[in-house]
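> Let me see the structure of the following:
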Amino acid sequence: MSQATLSEPAVEQPPAAIPAPLSALTATQAPAQPTHAAAQPTLVAAQPALAPAQPAVAAAEPPVAAPPALVTTQPAAVSTHPAAATGPLFVRKARLQDARHIFDLVNSLSGDGTLLRRSYAELCENIRDFTIAERLPHPASDLSSEPDFLGCGALHLYGPHLAEVRSIVVREDRRGLGAGDAILEALLAEAEVHQVLSVCLFTRIPDYFEHLGFRVADRSAMPDKIYKDCQTCPRLYACDEVAMVRGPLPNVAVLGPSTLQHPVLEDPLVQLQLRPTGTTR
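Now for the predicted structure:
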């Protein structure tokens with residue numbers, strides 16, 4: 001052996017670090033390099049979906065209404081009824097200017113005895129008894145058009161015990177429009193305002209008035225009516241009208257006795273007996 005070897009042992013140097021293969025690197029030794037997936041978010045997460053960003057077309061635009069049916073665009077059929085060319089029916093108290101219409105209408109039915117004939121002066125004097133029905137002009141017609149006169153009726157007051165519905169008549173070419181019922185209901189309402197106990201009338205069509213509360217009555221129970229009109233009527237003892245009353249029968253009279261005096265012949269009729277005399281001509 002040599003001196004150098006014996007005197008100073010050789011210092012062993014640590015071996016040089018040998019790089020380990022890449023496959024041997026542990027997770028703690030591996031360089032922290034983020035993956036592309038972690039470094040860059042996916043396109044799905046970075047960009048919102050197109051569906052929620054753009055609302056549906058149905059929600060953005062209101063629905064389109066369907067066009068109206070062809071039936072509504074066609075003109076209505078033209079009616080030949082008198083009410084088709086006029087406005088609503090209207091009932092009011094008569095004014096002096098209505099006396100001419102009332103005079104013509106009432107006297108048009110006086111020839112056969114349906115109504116008593118009235119003079120123009122008498123109608124003017126009693127115009128406040130009358131109620132008339134008329135049709136107002138149609139809104140589309142000329143503004144200067146006058147109302148259409150339909151009919152009339154009167155309520156004559158004898159006193160708080162009795163009133164008479166009279167002269168109810170509707171033009172023949174305007175019947176069927178409800179004018180008669182409207183006039184009669186207005187007259188009955190007027191009688192209630194005056195607190196009249198009984199309302200009477202004389203008619204040839206009693207069935208029409210029964211549904212309004214009228215009933216057949218003895219004409220002698222209404223002497224005021226007899227003294228006012230019937231005594232001057234040519235049909236006094238051959239009247240074909242039916243007396244009707246609504247409410248209790250009146251038990252008083254203001255125009256004459258409460259009981260009627262019927263004519264009585266002073267001498268009874270004698271039956272003649274003819275006997276042959278034996279003479280000849």
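
> CA only for contacts and neighbour counts going forward, please
Fine.

> Let me see the contact set for Val106.
Leu115, Leu116, Arg117, Arg118, Ser167, Val169 (Cα atoms under 8 Å, 6 or more residues apart in numbering).

> Can you list the low-confidence ranges for the stretch 51-200 of the chain?
Low-confidence segments of the stretch 51-200 of the chain, defined by pLDDT under 70: 51-86, 138-144.

> coming back round to it: and the buried ones among the contacts of Val106, selectable in ChimeraX?
Burial among the contacts of Val106 is assessed by 16 or more other Cα atoms under 10 Å; the matching ChimeraX selection reads:
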select :115,116,117,167,169
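
> Paired strands for the host helix or strand of Val245, with orientation please.
According to DSSP states H and E, Val245 maps onto strand 242-246. Sheet pairing for strand 242-246, assigned by DSSP bridges, gives strand 199-203 (antiparallel), strand 215-216 (antiparallel).

> Identify all contacting residues around it.
Contacts for strand 242-246 (Cα under 8 Å, 6+ apart): 198-206, 213-219.

> which residues touch Ala163?
By Cα under 8 Å, 6+ apart, the neighbours of Ala163 are Leu155, His156, Leu157, Ala191, Val196, Ser198, Val199, Cys200.

> can you rerun that using 10 Å?
155-157, 188, 191, 194, 196-201, 224-225, 245-246 (Cα atoms under 10 Å, 6 or more residues apart in numbering).

> tell me the secondary structure for Glu146?
coil (DSSP: H, G, I helix; E, B strand; the rest coil).

> Show me what the nearest residue to it once chain neighbours are set aside bridges to in the sheet.
Leaving aside its chain neighbours, Glu146 sits nearest to Pro137 (6.6 Å; criterion: Cα to Cα, 6 or more residues apart in numbering). Counting by DSSP bridges, Pro137 forms beta bridges with Thr86.

> ok, now how distant is Pro137 from Lys228?
Between Pro137 and Lys228 the computed distance is 39 Å (Cα to Cα, to the nearest Å).

> Show me which residues of the lengthiest helix in the chain are buried.
Longest helix in the chain by number of residues, with DSSP state H as the criterion: helix 179-193. For helix 179-193, the neighbour count (16+ other Cα under 10 Å) marks Ala179, Gly180, Ala182, Ile183, Leu184, Ala186, Leu187, Leu188, Ala191 as buried.

> And the furthest pair within those residues?
Within those, Ala179 and Ala191 form the most distant pair, 18.6 Å apart (Cα to Cα).

> hang on, the earlier thing: so what's the residue count around the residue nearest to Glu146?
19 (other Cα atoms under 10 Å).

> ok, so what distance separates it from Phe90?
11 Å.

> which neighbours do those two share?
In terms of Cα under 10 Å, 6+ apart, Pro137 and Phe90 are both contacted by the residues Pro147, Asp148.

> contacting residues for His194?
His194 neighbours (Cα under 10 Å, 6+ apart): Leu157, Gly159, Pro160, Ala163, Leu188.

> Can you select the buried ones among the contacts of Ala163 for me in PyMOL?
Of the contacts of Ala163, the buried ones can be selected in PyMOL as follows, counting by 16+ other Cα under 10 Å:
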select buried, resi 155+156+157+188+191+196+197+198+199+200+201+224+225+245+246
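
> Specify which member of the contacts of Ala163 is nearest to Glu122.
Closest to Glu122, out of all of the contacts of Ala163 and judged by Cα to Cα, is His156, at 13.0 Å.

> Which residues does that closest one form beta bridges with?
When bridges are called by DSSP bridges, His156 pairs up with Glu164.
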